[in-house]
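Enquirer: the following block contains a protein sequence and its predicted model.
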Amino acid sequence: MLDINTTLPSALTLAENCDVRIKGESADYRKARTALLAEEIELRRHIERVAEMRRALPPGAPMKNYRFIGESGPTDLNAMFGDKQTLVVYTYMYGPQRERPCPMCTSLLSAWDGEARDIMQNVALAITARSPIERLIYFKNERGWRDLKLYSDPSGEFSRDFHAIGENGGDDAGLHVFTRRDGTLRHFWSAEMDGSTADPGQDPRGAPDLMPLWTVLDCTPEGRRPDWYPKLDYGR
């Protein structure tokens, strides 16, 4: 963790001192790449500053012990923590009105399934949705997810309280973090960016961006195609 009082060298100085070069690159490319590298260093630093501010949030609102149905039967928010002090909950857009789940959510969760065991070495991780647990388990098996823990919110109470139900009764995705300290459940942080916070000309999205898909595509000349979204199936 970076001490906020530490005086850092300028990002441009670090970029100019970097000796990585690609064989055959032009002088124009190196000049532009060094300027970009300085911005990438500043981005890394800004991400850390934001994370530091997030960690410094004051205690959040006390939480009720919401009820769910897990893959092994009825359970509650407290039980989702297991032996951890922090719980990360993603609200999955797969309500009972949907024939199939949200492709974008599914793309994200497919990536997270590969990271779930690593994440759960540090914090608890739970995926909630309003569909019956049988539907969630069926799709989990269809998708080949191994380590994600899915929970049904049959009453919709948690989903309503945490903005996972839209004005039209449809689903909204969300990311929420809860803590358990001295037996007290509290809200710590939620992703709060929505369409009202979007910048002109950009697809509405939050920050930090949780999808490895976009992180990879942001490194390419094509970038994020505004007319493309993930699909549940691309055929064979």
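Expert: Done, it's in. Residues are numbered from 1 along each chain as shown.
Enquirer: the longest helix out of those in the chain packs against which elements?
Expert: Determined from DSSP state H, the single longest helix within the chain is helix 27-55. If you count contacts as 3 or more Cβ pairs under 8 Å, 6 or more residues apart in numbering; DSSP states H and E, helix 27-55 packs onto helix 11-17. (C-beta placed from N, C-alpha, C; glycine too.)
Enquirer: next, the buried residues of the longest helix of the chain.
Expert: 33, 37-38, 41 (16 or more other Cβ atoms under 10 Å).
Enquirer: residue contacts, the residue nearest to residue 108 when sequence neighbours are not counted?
Expert: In space, and not counting its chain neighbours, residue 108 is closest to residue 211: 5.0 Å by Cβ to Cβ, 6 or more residues apart in numbering. Residue 211 sits next to 104, 107-108, 111 when contact means Cβ atoms under 8 Å, 6 or more residues apart in numbering.
Enquirer: in which helix or strand would I find residue 6?
Expert: Using DSSP states H and E, residue 6 sits within no helix or strand.
Enquirer: any idea how far it lies from residue 172?
Expert: The gap separating residue 6 from residue 172 is 39 Å, by Cβ to Cβ, to the nearest Å.
Enquirer: circling back to that earlier point, ok now the longest helix of the chain, how far from the chain's centre?
Expert: 21 Å (Cα atoms, centre = their mean, to the nearest Å).
Enquirer: do the same with stretch 38-57
Expert: 16 Å.
Enquirer: now it - C-alpha only, CSV.
Expert: Coordinates of each C-alpha in stretch 38-57 appear next as CSV, following Å, rounded to 0.1, in the frame of the first residue of the first chain:
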residue,chain,number,x,y,z
ALA,A,38,3.4,8.2,-18.6
GLU,A,39,-0.4,8.3,-18.8
GLU,A,40,-0.6,4.6,-18.0
ILE,A,41,1.6,5.1,-14.9
GLU,A,42,-0.7,8.0,-13.8
LEU,A,43,-3.7,5.7,-14.3
ARG,A,44,-2.1,3.1,-12.1
ARG,A,45,-1.5,5.7,-9.4
HIS,A,46,-5.0,7.0,-9.7
ILE,A,47,-6.5,3.5,-9.4
GLU,A,48,-4.5,3.1,-6.1
ARG,A,49,-5.6,6.5,-4.8
VAL,A,50,-9.2,5.6,-5.5
ALA,A,51,-8.8,2.2,-3.8
GLU,A,52,-7.2,4.0,-0.8
MET,A,53,-10.2,6.3,-0.5
ARG,A,54,-12.5,3.3,-0.7
ARG,A,55,-10.7,1.5,2.1
ALA,A,56,-11.0,4.6,4.2
LEU,A,57,-14.8,4.9,4.0
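Enquirer: sounds good, over and out.
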